[in-house]
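> Got a sequence here, can you build the structure:
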Amino acid sequence: MRTPQRIIEPGARHDIPRHFLDIDVVDASDLRAILDDSLRRKVARRGRGQVELDEDPPCVGRLLAMIFEKASTRTRVSFDVAIRQLGGESLLLRGEDTQLGRGETIGDTARVLSRYVDAIMIRTSAHENLLEMAAYATVPVINGLTDRTHPCQVLADIMTFEEHRGPLARRVVAWCGDGNNMATTWMHASASFDFELRLACPPELAPSPSELESAARKGGRVLVTQNPEEAVESADCVITDAWVSMGDDELERRHDLLAPYRVDERLMSRAHKNAVFMHCLPAHRGEEVTDAVIDGPQSVVWDEAENRLHVQKGILAWCLS
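Numbers count the residues shown, from 1 in each chain. All right, here's what the predicted structure looks like:
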């Protein structure tokens, strides 16, 4: 995948923006700094109201544009609350409400928005849209989700695991289901955070060989198997995701392929006794996960959802510092 050349317009800001596009293109030391700052901010807010500013708000006077080409609950609300708690404000832009829905290029939109706002978060389908936005923007661009990756979510997942079980390094993370954008981002994270990742996927929905090769080159330890029991055996963390994402139109086929990868009590019992269960939500109960697991004592999905807010504050502070 070729990244467009970055364009600097006359009269635009000429400092190099600090984008947050993917885990594998951010230094491991910066990722750790983001997580440390996120946890510090979470702890410092205990007992404070959601509309109160952080004690040291780094984004006073800053404006975040949030572009949504896909529907969202957690990403939209958490980014909006995050920038407000950091002292800034947000501006919501839906694809159909902008000239993007009428043929204007991503690059031209990036050029214009860079004159109006201090940062751009985009939730889009094609990963190329994110890269083009970053190539032409002269303010930081944040990946709120693409069909290829979801880095904000995986950083929140890592924060959640480490809150409950300590450092993720040298642990085992098991993924059961589709080799989708979440699975790809976990592959990126395996190199940066030094854990073993086991991906249990049907062969028809396995992660792309190029992504696996890239993760291996960068030091990631990734095992791919068709057997969910093999992946989950003695794992420290078990993760799954919805079988059908927005835009998928092969509902029945995907259900048939993924039914053996459902995380139920039997499968969860094969993991380490102190293993945690994660799901990025929204969950389709009875499909990829049973009620007994998602509502059970090993589930940390609600902490995981909350930590989207705290991690995104860490990301915004890092991008805008």
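
> Mind jotting down where the strands sit in the chain?
63-68, 89-94, 119-123, 141-145, 172-176, 196-200, 221-225, 237-240, 276-279 (DSSP state E).

> May I see those organised as JSON lines, with mean pLDDT added?
Putting the strands of the chain into JSON lines (pLDDT from 0 to 100) gives the following:
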{"stretch": "strand 63-68", "mean pLDDT": "97"}
{"stretch": "strand 89-94", "mean pLDDT": "95"}
{"stretch": "strand 119-123", "mean pLDDT": "97"}
{"stretch": "strand 141-145", "mean pLDDT": "98"}
{"stretch": "strand 172-176", "mean pLDDT": "98"}
{"stretch": "strand 196-200", "mean pLDDT": "98"}
{"stretch": "strand 221-225", "mean pLDDT": "98"}
{"stretch": "strand 237-240", "mean pLDDT": "98"}
{"stretch": "strand 276-279", "mean pLDDT": "98"}
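
> Which among these is found nearest to R46?
For R46, the closest of the strands of the chain is strand 276-279, at 21.6 Å, according to C-beta to C-beta. In short, each C-beta sits where N, CA and C put it, glycine included.

> Kindly reformat the strands of the chain as a markdown table containing mean neighbour count.
Below are these laid out as a markdown table (neighbours: other C-beta atoms under 10 Å):
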| stretch | mean neighbour count |
| --- | --- |
| strand 63-68 | 22 |
| strand 89-94 | 16 |
| strand 119-123 | 27 |
| strand 141-145 | 27 |
| strand 172-176 | 27 |
| strand 196-200 | 23 |
| strand 221-225 | 16 |
| strand 237-240 | 28 |
| strand 276-279 | 24 |
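
> Please name whichever of those is nearest to Y261.
Ranking the strands of the chain by distance to Y261, with C-beta to C-beta as the measure, places strand 172-176 first at 4.6 Å.

> before we move on, the earlier item: and the strands of the chain as TSV, adding distance to R76?
Below are the strands of the chain laid out as TSV (distance: least, C-beta to C-beta, whole Å):
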stretch	distance to R76
strand 63-68	6
strand 89-94	7
strand 119-123	8
strand 141-145	9
strand 172-176	25
strand 196-200	29
strand 221-225	31
strand 237-240	23
strand 276-279	19
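
> out of these, nearest to W302?
strand 276-279 (10.3 Å).

> mind checking which of the strands of the chain is nearest T109?
strand 63-68 (8.2 Å).

> ok, and what's touching that closest one?
Residues outside strand 63-68 that contact it (C-beta atoms under 8 Å, 6 or more residues apart in numbering): 75-76, 79-80, 83, 88-95, 98, 100, 113, 116-124, 144, 316.

> Return the set of buried residues in stretch 176-191.
For stretch 176-191, burial by neighbour count (16 or more other C-beta atoms under 10 Å) applies to 176-191.

> starting at the chain centroid, how far to that stretch?
10 Å (C-alpha atoms, centre = their mean, to the nearest Å).

> send the alpha carbons of it over as CSV?
Output of stretch 176-191 as CSV, limited to C-alpha atoms (Å, rounded to 0.1, in the frame of the first residue of the first chain):
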residue,chain,number,x,y,z
CYS,A,176,-11.1,-16.2,18.0
GLY,A,177,-13.1,-15.3,14.9
ASP,A,178,-12.6,-13.2,11.8
GLY,A,179,-9.1,-12.0,10.9
ASN,A,180,-10.4,-8.5,10.6
ASN,A,181,-9.2,-5.0,11.4
MET,A,182,-9.0,-5.7,15.1
ALA,A,183,-7.0,-8.9,14.5
THR,A,184,-4.6,-6.9,12.2
THR,A,185,-4.1,-4.3,14.9
TRP,A,186,-3.3,-6.9,17.5
MET,A,187,-0.7,-8.3,15.1
HIS,A,188,0.8,-4.8,15.0
ALA,A,189,0.8,-4.6,18.8
SER,A,190,2.5,-8.0,19.3
ALA,A,191,5.8,-6.5,18.1
